[in-house]
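Novice: Here's my sequence, what's the structure:
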Amino acid sequence: MEDCIVRATAADAQIRAFACSTREMVEEARRIHNTSPVVTAALGRLLSAGAMMGSTLKGERDLLTLQVKGDGPLRGMTVTADSLGNVKGYPEVPDVILPANHLGKLDVGGAVGQGHLSVIKDMGLKEPYVGQTLLQTGEIAEDLTYYFAVSEQIPSSVGLGVLMNRDNTVRQAGGFMIQLMPFAEESVTAMLEQNLSRARSVTALLEAGNGPEQMLQILLDGLQPTVTDTGKTAFVCSCDRGKIERVLISLGKQEIRDMIEEGQEIEVNCHFCNSHYKFSVAELEELYRKC
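Specialist: Predicted coordinates:
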């Protein structure tokens, strides 16, 4: 199943909903960062959330950043997404190993620990929008549900999941995000809550062969869902040598001069995609002249 995001409305636009399948995206992140299973699950959930939340942005240059900071061994994760379905992310500690939780599943909450979730929206305004809430469980989906309720005052239900193969590659990944509009009727809310209470997990729905559209049909049963848009999503990093050069130049002449005087080439690594960029002393001198 190709990675994609589906957007829909239901109950005469009293509900807006999103669902995504992201197996390829999460597997690419696992490969790039060589993550352990529990970190793959944690980062994969945040990547899926970023894909859906990024699709709500209006402008092509708008950017969404999700940051999770916790006191668990994972320490934190960062994901960025745009309105075109391009998503990237990285964990601070990729090789965390933990025993399964009391349900026999990967202990994402234990890896994340207690901390906070930040949502940053850069929409080309003077200052970006920043919302921050305390982590409720560290399991990501519940934390985002709480964020929407507290920071954006939008009653929401977020479901996220990652299922691993025995060889630690990604078998299934995806999620859904369902939100009630302010004018939603009580009967609509009650039916949605009933559907959600009966629903299987995201990975169970995907494993049963349901794509994002079928997932929404199940979750919005009886509420007349209508698909409004379908788009691709993928792990895409926009770094290149030119951007790294501009970052180095922005450090200023003194910083570059100090690098030159050390007499050795430097290497700059991209956190998101693990690309390595090397600069010789001669190249640093050229950048120094451009400052």
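
Novice: All the strands of the protein, in order from the start?
Specialist: Ranges of strands within the chain are 4-10, 15-21, 63-70, 76-82, 86-91, 115-122, 129-134, 156-164, 170-180, 226-232, 234-235, 266-269, 276-279, based on DSSP state E.

Novice: Ala42 touches Val112, doesn't it?
Specialist: Yes - using Cβ atoms under 8 Å, Ala42 is in contact with Val112, at 6.2 Å. For every residue, glycine as well, the C-beta is placed using N, CA and C.

Novice: Need the overlap of contacts for the two.
Specialist: 68, 74, 140 (Cβ atoms under 8 Å, 6 or more residues apart in numbering).

Novice: now, which of the residues you listed sits nearest Glu245?
Specialist: Val68 (30.5 Å; Cβ to Cβ).

Novice: residues contacting the residue nearest the centre of the chain?
Specialist: By Cα atoms, centre = their mean, the chain has its centre lying nearest to Leu47, at 2.6 Å. Taking Cβ under 8 Å, 6+ apart, we find Leu47 in contact with 22, 25-26, 29, 79, 87, 89, 173, 235.

Novice: what would the shared contacts of Ala42 and Val112 look like in TSV with pLDDT?
Specialist: Shown next, in TSV, are these (pLDDT from 0 to 100):
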residue	pLDDT
Val68	98
Leu74	98
Ile140	98
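
Novice: Same list, those, but as TSV with distance to Asp62 please.
Specialist: Below are the shared contacts of Ala42 and Val112 laid out as TSV (distance: Cβ to Cβ, whole Å):
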residue	distance to Asp62
Val68	21
Leu74	28
Ile140	22
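
Novice: pretty sure Gln132 is in contact with His116, am I right?
Specialist: Yes - counting by Cβ under 8 Å, His116 is a contact partner of Gln132 at 5.6 Å.

Novice: Enumerate every residue touching the nearest residue to Tyr147 once chain neighbours are set aside.
Specialist: Beyond its immediate neighbours in the sequence, the residue positioned closest to Tyr147 (Cβ to Cβ, 6 or more residues apart in numbering) is Thr133, lying 4.7 Å away. Taking Cβ under 8 Å, 6+ apart, we find Thr133 in contact with 116-117, 143, 146-147, 150-151.
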